[in-house]
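*Asks:* predicted model follows, preceded by the sequence.
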Amino acid sequence: MTELVIVGGGPAGMSAAVAAYEAGIKDILILERDEHLGGILMQCIHNGFGLHKFGEELTGPEYAWKYEKKVRELGIPFKLNTMVLDITGDKVITASNAEDGIFRIRAKAIILAMGCRERSKGALNIAGTRPAGIYSAGTAQKYVNMKGYMPGENVVILGSGDIGLIMARRMTLEGAKVNAVCELMPYSGGLARNIEQCLNDFGIPLKLSHTVTEIHGKDRVTGVTISKVDENRRPIKGTEEYIKCDTLLLSVGLIPENELSKNAGVSLDRITNGAVVDQSRQTSVEGIFACGNVLHVHDLVDYVSEEAEIAGLNAAEYIKSGVKKDITVKIKTDGKIRYTVPQEITQSKEVTVYFRVSDVFKNVKINVYDGDKLVLSKKKQKVAPGEMETIKLKPEMFENVKELTFKLEEVK
Amino acid sequence: MKRELTCIVCPMGCSLSVEFENGKILSVAGNTCPRGEKYAEDECLSPKRTITSTVKCSDGSVLPVKTDRAIPKDKIYECMKIINNSVADLPVCVGDVIIENVFGSNIVATQNKN
């Protein structure tokens, strides 16, 4: 029996571990499948991390080191190269590594911090054969930044989320020609800052409302055909353009890795693809908590750490004195607010609710309703799907309330 | 002269409006912090960028590095050439200087390596 097992030693897992330790839980074990702690941060060699948390702009590995240093200083046990194969609803973890073989651990509490994976070409239905030279942007990032390989020299990138933008710059700096970044939507999913420093700085065109409709090449990519799309995101005949290239990078979405969560019986939210949680980040299975990208895909690692601290503190509280649920308030959203985390509130305490919107909106009010009664209104000059937002709810706002609805209303 | 910029100092990416004349900044608007004002000045008069890249190590592995301060924007490719022609000796700690004095900055390690 281990008191607290944390699945994943990336920024979420490490932050949760440190928070739980500092809250008094010493019997912790972090299980990490890779050869090192740090998770996805280790391949994110660019800067922009930690501004909220540490007041300095760090690269991914530097941010990870802040937490790894703490984990090591506190002596929190961790196993590397260890793959968790199964988690049951009564908190028995099955894992394997070369030293211990296959082993089982019974835990009092589990924190899920497995992060997310990239959507692949198979999910995209692009016509063409299967030539070499097609990579997800994250795979290309790992090749360049951790293995020292160039995936190609003449590139087209599909997807203008931050990973696609960052790789446009990275490939260019290492001598590749990045011909264009295509984006299906009429707006980019990435930060304005990245459009500026990754595309504008290098004269790389951003083609909004465009997608790749065909990949050419038999053994290796020889080119792609891109097309403009209409308001229903369907390619418009006659707008086809051929771009000669040897590499196509796909930055087309991240999917929280919840296979283990499903096996444990954790209820998932269809919009986030992560667990349904309350403010303590406890899932539908008692004693199993979730945080970081496995719960919902984040833009800023600073928020991941904040969320993981909540999970760590509450897992510690759970281990010490069990579940404390005084109330049940469900949070619903209108279509314009895509989702909230948490989806439920179970204690009369101040709650920070994280949410994302479904489109770019300017001059709006984020309104929280208890039926017809407006309990909170927050003005926002601009909101976008690629930028997670927060709103603080005070206990008075949901006293004796069964359901709160988050609505986005445009200010005339 | 007027210029519209996107600030790159932090993930906020504030839209800045800058007025400048004869190498002097007249006004900066749209920034939500003082660093944005400094960025606007630099960007209009002497643009700079921080470079993050990787360097080959003596054992053939790859080490992430960065310039410890922003360097002139027109020196980006020359800086990359210097980094790509260097080999880092191991072991290395976060913050260790790998290459000194590259266009006014030092290239430092951003990861530990044994």
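*Replies:* Nice, thanks for sending it over.
*Asks:* interface residues of chain B facing chain A?
*Replies:* B:5-13, B:15, B:49-54, B:56, B:60-62, B:64, B:66, B:73, B:76-77, B:80, B:84, B:94, B:110-112 (C-beta under 8 Å from any C-beta of the partner chain). Placement of C-beta: from N, CA and C, glycine included.
*Asks:* among these, which are in strands?
*Replies:* When DSSP state E is applied, the residues of chain B next to chain A are split such that B:5, B:6, B:15, B:49, B:52, B:53, B:54, B:56, B:62, B:64, B:66 fall in strands.
*Asks:* max pairwise distance over the residues you listed: which two?
*Replies:* B:15 and B:56 (39.4 Å; C-beta to C-beta).
*Asks:* can you verify residue A:15 is assigned to a helix?
*Replies:* Yes. Residue A:15: assigned to a helix according to DSSP: H, G, I helix; E, B strand; the rest coil.
*Asks:* where does the nearest residue to it once chain neighbours are set aside land on pLDDT?
*Replies:* Nearest residue to residue A:15 in three dimensions, chain neighbours excluded: residue A:308, at 3.6 Å (C-beta to C-beta, 6 or more residues apart in numbering or on different chains). Residue A:308 is assigned 98 on the pLDDT scale.
*Asks:* one more: the one 3 residues further on?
*Replies:* In the predicted model, residue A:311 carries a pLDDT score of 98.
*Asks:* tell me where the stretch 201-350 of chain A has helices.
*Replies:* A:259-263, A:301-321 (DSSP state H, counting those that start in this stretch).
*Asks:* in the longest one, what counts as buried?
*Replies:* Of the residues in helix A:301-321, those buried under the neighbour-count criterion (16 or more other C-beta atoms under 10 Å in any protein chain shown) are A:301-319.
*Asks:* what residues does whatever residue of the stretch 301-412 of chain A ends up closest to chain B make contact with?
*Replies:* Scanning the stretch 301-412 of chain A for proximity to chain B using C-beta to the nearest C-beta identifies residue A:387 as nearest, at 8.4 Å. With contact set as C-beta atoms under 8 Å, 6 or more residues apart in numbering or on different chains, residue A:387 has these partners: A:191, A:299, A:356.
*Asks:* where does the stretch 51-200 of chain A have low pLDDT?
*Replies:* For the stretch 51-200 of chain A, the stretches flagged by pLDDT under 70 are A:123.
*Asks:* so where do the helices sit in it?
*Replies:* A:51-54, A:60-74, A:137-142, A:162-173, A:192-194.
*Asks:* let me know which of those is tucked in deepest.
*Replies:* Most buried of the helices of the stretch 51-200 of chain A by mean neighbour count (mean count of other C-beta atoms under 10 Å in any protein chain shown) is helix A:162-173; its value is a mean of 25.
*Asks:* what residue in chain A comes nearest to chain B?
*Replies:* For chain A, C-beta to the nearest C-beta, closest residue to chain B: residue A:192, 3.4 Å.
*Asks:* next, count neighbours for the closest residue to that residue other than its chain neighbours.
*Replies:* Spatial nearest neighbour of residue A:192, excluding adjacent residues (C-beta to C-beta, 6+ apart): residue B:13 at 3.4 Å. Residue B:13 has 20 neighbours, counted by other C-beta atoms under 10 Å in any protein chain shown.
*Asks:* go on, the one 4 residues further on?
*Replies:* Using other C-beta under 10 Å, residue B:17 has 14 neighbouring residues.
*Asks:* picking that back up, next, the residue of the stretch 301-412 of chain A closest to chain B: secondary structure please.
*Replies:* Three-state call for residue A:387 (three-state DSSP): coil.
*Asks:* from residue A:227, how far off is the residue lying farthest from the centre of chain A?
*Replies:* Distance from the C-alpha centroid of chain A peaks at residue A:238, with 36.6 Å (C-alpha atoms, centre = their mean). When distance is defined by C-beta to C-beta, to the nearest Å, residue A:238 is 9 Å away from residue A:227.
*Asks:* residue A:9 is in contact with the residue nearest to residue A:15, correct?
*Replies:* No. Applying C-beta atoms under 8 Å as the test, residue A:308 and residue A:9 come out as separate, 11.6 Å apart.
*Asks:* quick check: neighbours shared by those two?
*Replies:* Jointly contacting residue A:308 and residue A:9 under the rule C-beta under 8 Å, 6+ apart are residue A:113.
*Asks:* list the contacts for residue 82?
*Replies:* Just so you know, I chose chain A. A:31, A:32, A:33, A:95, A:96, A:97, A:100.
*Asks:* hmm, no, I was thinking of chain B.
*Replies:* B:99, B:102, B:107.
*Asks:* which residues does the residue lying closest to the first one once chain neighbours are set aside bridge with?
*Replies:* In space, not counting the residues next to it along the chain, residue B:99 is nearest to residue B:107; the distance is 4.0 Å by C-beta to C-beta, 6+ apart. Counting by DSSP bridges, residue B:107 is bridged to residue B:67, residue B:99.
*Asks:* neighbours of residue B:107, how many?
*Replies:* 24.
*Asks:* rewinding a little: which of the residues of chain B next to chain A are buried? Put it as a ChimeraX command.
*Replies:* To isolate the buried members of these in ChimeraX, using 16+ other C-beta under 10 Å:
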select /B:5,6,7,8,9,10,11,12,13,49,50,51,52,53,54,56,62,64,66,76,80,94,110,111,112
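*Asks:* excluding chain neighbours, what is closest to residue A:286?
*Replies:* Spatial nearest neighbour of residue A:286, chain neighbours left out: residue A:323 (6.0 Å); criterion: C-beta to C-beta, 6+ apart.
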